[in-house]
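Asker: Give me a 3D structure for the following:
(2 chains)
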2 protein chains.
Amino acid sequence: MSSERFIYLPLGGAGEIGMNAYVYGYGKPDEERLILVDLGVAFPDMDGTPGVDLILPDIKWLEERKNRLEAVFITHAHEDHIGAVGHLYERLGAPIYARPFTANLARGKLAEYGIAEKAVRIAGTWPETVKTGPFTVGFVPISHSIPESAGLAIDTPAGRVIHTGDFKLDETPIVGEAFDPDLWADVAKDGVKAMICDSTNVFSPHAGRSEVSVGPEIIKMVADASGMVVATTFASNVARVKTLADAGVAAGRSICLLGRAMRRMVEASIETGVLKDFPTVIPPEDVNSMPRENVMLLVTGSQGERRAASAQLANGKYMGITLKEGDTFLFSSKTIPGNEKGVIRIINMFSEKGVDVVDENSGGHYHVSGHANRPDLERMQEIVNPQVVIPMHGEHRHLREHVKLSQSKGRASILAVNGMMIDLSGNAPKVAEYIETGRTYLDGSVQIGALDGIVRDRIRMALNGHVMVNVIIDEEDQPLGDAWVEIMGLAETGRSRAPLQDVLEEDLSQFLGRANAKTLRDDVRLEKELRTLTRKSTQSEIGKKPEVTVVISRLSA
Amino acid sequence: MSSERFIYLPLGGAGEIGMNAYVYGYGKPDEERLILVDLGVAFPDMDGTPGVDLILPDIKWLEERKNRLEAVFITHAHEDHIGAVGHLYERLGAPIYARPFTANLARGKLAEYGIAEKAVRIAGTWPETVKTGPFTVGFVPISHSIPESAGLAIDTPAGRVIHTGDFKLDETPIVGEAFDPDLWADVAKDGVKAMICDSTNVFSPHAGRSEVSVGPEIIKMVADASGMVVATTFASNVARVKTLADAGVAAGRSICLLGRAMRRMVEASIETGVLKDFPTVIPPEDVNSMPRENVMLLVTGSQGERRAASAQLANGKYMGITLKEGDTFLFSSKTIPGNEKGVIRIINMFSEKGVDVVDENSGGHYHVSGHANRPDLERMQEIVNPQVVIPMHGEHRHLREHVKLSQSKGRASILAVNGMMIDLSGNAPKVAEYIETGRTYLDGSVQIGALDGIVRDRIRMALNGHVMVNVIIDEEDQPLGDAWVEIMGLAETGRSRAPLQDVLEEDLSQFLGRANAKTLRDDVRLEKELRTLTRKSTQSEIGKKPEVTVVISRLSA
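Answerer: Below you'll find the predicted structure:
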């Protein structure tokens, strides 16, 4: 006699900022019909994921239940919410719902996998809703740092849940809908069981500032600049791109967009009608024929990404354009933790060229965040007045702080990290189950598990170097010739001043010369002994214990 | 008829924050007698220097002129100033001068290489001086974030230069000498040709705060805490360690030091008389028998270092001690750019344990910098009144800004990066020569050049994986058996769903089967073809182009 329940299960995004993927379900236990909210990526780094292209949520749990999956809803088009739709669509096979701008970009991602655009269905905004299975889902416009962001009102027979998506309370957002407290109060007026809420800026103590506030300072900065002005921001921050472009035009400059994402975003915004009256842009090849003080470049690469336009300009040249003494480079952005070194690297390269860099440390306000700060989170709670707050979109520290904040306001709150299935049905939410979750790496063209050991091996080679040992064993189980060693990523000479390769080959050949028949017959044993000796000799020579690959070739089978 | 000249040549530290090493010389061109100021390290990271133990300045230029090197002077005991003395002493062979606390630590580093302590000579402070060759060098006490820091007054027949070392203007530094403007004015009163000056905080617009200012807030924070309190800071910041310990005692807590550096620094401070009346500490094994609210731990690892005490406590247990809900962890430190992820990782692990973390973002002031801010740099220029300012101890952006600052005050200034030899003899400094400089890596027990390609190979293996191909060619130049492939750090299966190893072995064997005699006879050609094919097949299977090592074993010589 198990009755229906309403569940929430984060598969990504609850315990990290990135790879958002939140499951909701309604039905009898283990028979719930399911929807997925967002399907994003996280970005790899050299520390933990060298060579990896993208980090995706592990959707195995959902894939195994794909016959119960009704649909995927995308709240907005940031990569950490939409980035995995192309890579994972085939494994889920459910229709994707999104607002037009988001849908435009989602379709582009699916097209790379040859998936038809009808896989993405365009959703209207509240009070329009999408009905699918036991769910009725409404896209409620909310302000953020990309056009057409939406929170979701998710209704089931067990009540209404609000999934805020990423948001800020911006009543003057330049591009797109202003935050409308009356609309949100209306959505919430009949009671909200739970609000699953963005936690990114819970540690920011002051109320967030509006997008409109950066305009005057940017206009002044651009007007005061003498040489060429180059500005970078997230391309998806279309409002900011417009503010920057308008500031350039006001200062008598022609605008040139550099970087694929910058052009793609402006294009999508114009195509979907989100962006109106954007200044005419000039092509990169026209830049060099114009006086520097009449040009403003808007470029990708606000996070110091090595291949982006900003890095290439810092390195030397991009699309024939070079920067020089007297030019100004503006970071209209915040450096995301972890990206500091890349950004600083670029700033130093600009410094070497004599280019003045203006950024968040320069005393002016050239950037505002797209996320609700602490007082904004409190205000949102007051407007929506949910029975319970479940923080999402945050690392553990953010979620914990958000729970504390909610409880300090006398509101129930529960800390749910990835894999914690929460039953929202009763009066108090409770943990129903723990699901195994994790990360999937897109590595080249292949998806691999984070725990497969593949990337671990790469990290080990990077830390320890790699020695390859080759031994040929003849038909009589005797070594044929000497051991052959190749080294990669290790010093060529060490303590004895002889080449490491020679030292190892000598040590291994000596070992083979005195190895007994039993060892020489036994691949496993021989390999182990050769590996151990190689590590020991290398350690003695150069003080490092390398990764070792042993290849034993037997002339007889 | 070339006359004597007075030169300045940074080999490290001018263009980066780290591995400080500054040469001064006096004499006829190319016959100058030389001294070296500081001999520090920089720290490796996974991005650019995976597996490297330490980054040292490339001292080849100096080593080749070691017969002209009079002495090494160490301004203070921070690793970026002293860290390389052990590793490089033998290559230079010159005596090291330092103040007692610094000398104590330098001797410890030399002892690791079996070098006798007499290699380090203890210097008194101004007006005492060290005379060596044409140089007279005085250690002038200056405040910083470690005991017994000194600026140097370097006299030659061509005049006096001030090398500030790292400094701040702190007239109430808790431990060690207060900044004494009269002393510095006195040192400078007969004229200073050049001031080579710390640039670290040139972008910090407000006057620096004194060490004494953090005490009250730390005392309050510790007094208000309920469970165990754990605090971390740089162990070498002995004043801070004392402030923290005193705050603990004031709150009725016993102090326990965790981490080798923490114990070593307190020990050296007490041994050399720098630190007086430090509270009695309890050993780690006594902690568990005491009420949590009566204990305060001072631990290493303010930068999130993986092996430090802080990280181990965050991971679970250190020396039998575990943290839990209700405990408080204080970062009395600033996160150095590049270390954000490591620090955040620890904070999230503490969050999972329910430990409250207090840091620079928590609203209180629990840390002050050890470097002079912009107004302090201006004040130092006024006190010393040098003819020219040469910024050091900074990345390019810092040096450039410091030059601009100096020039805006009507003072001559020159931007000299590593390898630029400046002639200070005339009325205006000028570039005399460009010297090739770089970085040396301590990698295991071996010193390797940054451009040797060794670390580059490690990075490539980390990004691309590694395929090893083995082929045996018999006496008739025919392949003996099939090609043998081992893969490391690559997905095991790809597009064709067959094991990558099998696919490669099949492709390579097919190639060998149809390869012509000319190719099979020619190792270089065969290797190239096998490598190209391996990369192509791997790309086709899994979308990655791996590093490839080919081993061709020929049964005939």
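Asker: domain parsing for chain A?
Answerer: Chain A is divided into the following domains under automatic domain parsing: A:5-206+A:369-446, A:211-358, A:454-554.
Asker: The longest one vs chain B: in contact?
Answerer: Yes: under the criterion of CB under 8 Å from any CB of the partner chain, chain B is reached by domain A:5-206+A:369-446 at A:45-47, A:50-51, A:203, A:205, A:395-397, A:400, A:443-446. No exception for glycine: its C-beta is placed from N, CA and C like everyone else's.
Asker: Need the per-residue pLDDT for residue A:155.
Answerer: Residue A:155 is assigned a predicted lDDT (pLDDT) of 98.
Asker: How about residue A:228?
Answerer: Confidence per residue is given as pLDDT, and for residue A:228 that number is 98.
Asker: Distance-wise, check it relative to chain B.
Answerer: Summarising the geometry, the distance separating residue A:228 from chain B, computed by CB to the nearest CB, to the nearest Å, is 18 Å.
Asker: Next, count neighbours for that residue.
Answerer: Residue neighbour count, defined by other CB atoms under 10 Å in any protein chain shown, stands at 25 for residue A:228.
Asker: and if you look at residue A:51?
Answerer: Per other CB under 10 Å, the neighbour tally for residue A:51 reads 25.
Asker: pretty sure it contacts residue B:544?
Answerer: Yes: counting by CB atoms under 8 Å, a contact exists between residue A:51 and residue B:544, whose distance comes to 7.4 Å.
Asker: Between those two, which contacts overlap?
Answerer: With contacts taken as CB atoms under 8 Å, 6 or more residues apart in numbering or on different chains, residue A:51 and residue B:544 have A:443, B:464, B:465 as neighbours in common.
Asker: circling back to that earlier point, of the residues of domain A:5-206+A:369-446 next to chain B, which is the nearest to residue B:405?
Answerer: residue A:205 (32.1 Å; CB to CB).
Asker: show me the contacts for the closest one.
Answerer: Residues in contact with residue A:205 (CB under 8 Å, 6+ apart) are A:373, A:374, A:375, B:363.
Asker: Okay, and the beta partners of residue A:229?
Answerer: For residue A:229, the residues forming beta bridges with it (DSSP bridges) are residue A:296, residue A:328.
Asker: any idea how far residue A:26 is from chain B?
Answerer: From residue A:26 over to chain B the distance is 30 Å, taken as CB to the nearest CB.
Asker: Could you pull up the residues touching the residue nearest to residue A:324 when sequence neighbours are not counted?
Answerer: Sequence neighbours aside, residue A:353 is the residue nearest to residue A:324 in space, at 6.0 Å (criterion: CB to CB, 6 or more residues apart in numbering or on different chains). By CB under 8 Å, 6+ apart, the contact list for residue A:353 reads A:314, A:323, A:324, A:325, A:327.
Asker: Sketch out the low-pLDDT regions of chain A for me.
Answerer: Counting by pLDDT under 70, chain A has low-confidence residues at A:1-2, A:557.
Asker: How about the stretch 151-300 of chain A: which residue is closest to chain B?
Answerer: Minimum separation of the stretch 151-300 of chain A from chain B (CB to the nearest CB) falls at residue A:203, amounting to 6.1 Å.
Asker: doesn't residue A:213 fall inside a strand?
Answerer: No: assigned with DSSP: H, G, I helix; E, B strand; the rest coil, residue A:213 falls outside any strand and is helix.
Asker: What is the neighbour count of it?
Answerer: Around residue A:213 sit 13 other residues, with neighbours defined as other CB under 10 Å.
Asker: If we ignore the residues flanking it in sequence, what's nearest it?
Answerer: Using CB to CB, 6+ apart and skipping residues adjacent in sequence, the residue nearest residue A:213 is residue A:368, 6.3 Å away.
Asker: Any figure for the gap between that neighbour and chain B?
Answerer: When distance is defined by CB to the nearest CB, residue A:368 is 18 Å away from chain B.
Asker: Name the SS class of that residue, please.
Answerer: Secondary structure state of residue A:368, per three-state DSSP, is coil.
Asker: And the helices in the stretch 351-500 of chain A?
Answerer: Taking DSSP state H, counting those that start in this stretch, the helices of the stretch 351-500 of chain A run over residues A:374-384, A:396-408, A:454-464, A:500-514.
Asker: returning to what we had before: and residue B:529, which of the domains of chain A is closest to it?
Answerer: Closest to residue B:529 of the domains of chain A, according to CB to CB: domain A:454-554, at 17.9 Å.
Asker: and the end-to-end length of the closest one?
Answerer: Terminal residues of domain A:454-554 are spaced 28 Å apart (CA to CA, to the nearest Å).
Asker: That one and chain B, are they touching?
Answerer: Yes: counting by CB under 8 Å from any CB, contacts between domain A:454-554 and chain B involve A:454-455, A:457-459, A:461-466, A:468, A:470, A:472, A:480-481, A:484, A:486, A:488-495, A:539, A:542-544, A:547, A:549, A:551, A:553.
Asker: by how many degrees do the longest helix belonging to chain A and helix A:454-464 diverge?
Answerer: Counting by DSSP state H, the longest helix found in chain A is helix A:523-542. Helix A:523-542 runs at 40 degrees relative to helix A:454-464, counting by axes from the mean of the first three to the mean of the last three CA atoms, to 10 degrees.
Asker: is it fair to say residue A:101 lies in a helix?
Answerer: Yes: the secondary structure assignment for residue A:101 places it in a helix, going by three-state DSSP.
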